[in-house]
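K.L.:
How does the following fold in three dimensions:
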Amino acid sequence: MLEISPDSIKLLPAFAKIVCEPGWRWARREKPMANFDLFYVWSGEGEVEVNGVHYQVGKGSCFLFRPGDYTSATHHPQRPLVLTYIHFAVEDEIRHTPKRYRMLYDTVDFEYMLSRYVRLFLVSTYAAETEARLVLKSLLIQLLRADTQVPVEKKASNQLTEAIHEIANYIRQNPGIAHRVEDLSTRAQLSPRYFSMKFKEMIGMSVQSYMIRMRIERAKHLLMHAGMNVTEVADALGYRDIFFFSRQFKQYTGKSPSEIR
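P.N.:
Numbers count the residues shown, from 1 in each chain. Below you'll find the predicted structure:
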């Protein structure tokens with residue numbers, strides 16, 4: 001669904017965010033679903049059945065039912081399901097469809113978009129349907145992204161990922177600083193050895209290689225767009241030896257700084 005145009009999405013009734021009644025159940029019908037249905041669990045406990053496969057569901061459970069699916073659902077009356085569901089059809093040819101079911105652990109952005117979708121139709125809003133199609137496509141992209149990433153099952157793992165990415169971004173934003181691994185690991189609240197290992201695992205290169213790469217990328221930008229000469233760029237990025245800067249630059253880019261400029 002990554003390739004579909006928002007204009008090809010046909011929004012259908014009904015959609016809502018609801019607290020299911022104690023006696024609520026979704027009975028299996030004789031005919032399969034005719035269109036798509038995005039079905040998300042905000043809280044509660046229950047069971048959903050799709051084409052004979054049963055799923056125990058709770059907060060973060062997310063389904064994308066497809067045309068041809070047979071579905072049913074029940075829930076625990078003392079812990080009722082709180083759901084958002086959105087019915088829609090797609091007129092374009094679809095090559096990539098999210099999985100029917102996944103458990104979402106990082107739910108903040110997804111839940112915000114679901115709420116935005118529903119709120120668009122609570123009052124008369126200018127261009128509500130146009131924006132709703134864009135929001136719905138964003139939700140589908142989030143699901144496709146979740147399908148291609150390893151699920152983060154522990155909060156600690158999620159925090160570690162955020163810490164490493166924050167450090168990588170910090171290095172990118174400050175390429176002229178002579179960062180020490182010890183200082184970076186302290187910023188991430190990790191030991192230097194563990195930080196270095198996880199950084200390489202998540203970013204794909206060592207801390208030192210990443211620092212050099214970010215410095216060279218910044219040097220290229222300054223040479224090409226800032227009107228600075230080679231000496232000025234080397235000095236701005238903390239190089240004490242212009243010849244060392246030139247050799248390192250050519251090693252990473254295949255060209256000398258003067259050729260870039």
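K.L.:
Confidence-wise, which helix or strand of the chain is lowest on average?
P.N.:
Every helix and strand of the chain was ranked by mean pLDDT, DSSP states H and E. The lowest is helix 155-173, at a mean of 84.
K.L.:
For it, which residues meet the burial criterion?
P.N.:
The neighbour-count check on helix 155-173 (16 or more other Cβ atoms under 10 Å) flags L160, A163, I164, I167, A168, I171 as buried. The way it works is simple: take the backbone N, C-alpha and C, and place the C-beta from them, glycine included.
K.L.:
Next: stretch 95-114.
P.N.:
Neighbour-count burial for stretch 95-114, counted by 16+ other Cβ under 10 Å, picks out T97, P98, R100, Y101, R102, M103, L104, D106, F110, E111, L114.
K.L.:
tell me the contacts of the last one?
P.N.:
Contacts for L114 (Cβ atoms under 8 Å, 6 or more residues apart in numbering) come out as K17, Y40, T84, I86, L139.
K.L.:
Now with 10 Å, please.
P.N.:
15, 17, 38, 40, 42, 62, 84-86, 107, 135-136, 139 (Cβ atoms under 10 Å, 6 or more residues apart in numbering).
K.L.:
CA-only coordinates of the strand or helix carrying it in CSV, if you can.
P.N.:
Applying DSSP states H and E as the criterion places L114 in helix 108-120. The C-alpha coordinates for helix 108-120 follow below in CSV (Å, rounded to 0.1, in the frame of the first residue of the first chain):
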residue,chain,number,x,y,z
VAL,A,108,2.1,7.1,20.6
ASP,A,109,2.3,8.3,16.9
PHE,A,110,-0.1,5.6,15.7
GLU,A,111,-2.7,6.5,18.4
TYR,A,112,-2.4,10.2,17.6
MET,A,113,-3.1,9.6,13.9
LEU,A,114,-6.1,7.4,14.8
SER,A,115,-7.5,10.1,17.0
ARG,A,116,-6.9,12.7,14.4
TYR,A,117,-8.8,10.6,11.8
VAL,A,118,-11.9,10.3,14.0
ARG,A,119,-11.8,13.9,15.1
LEU,A,120,-11.8,15.1,11.5
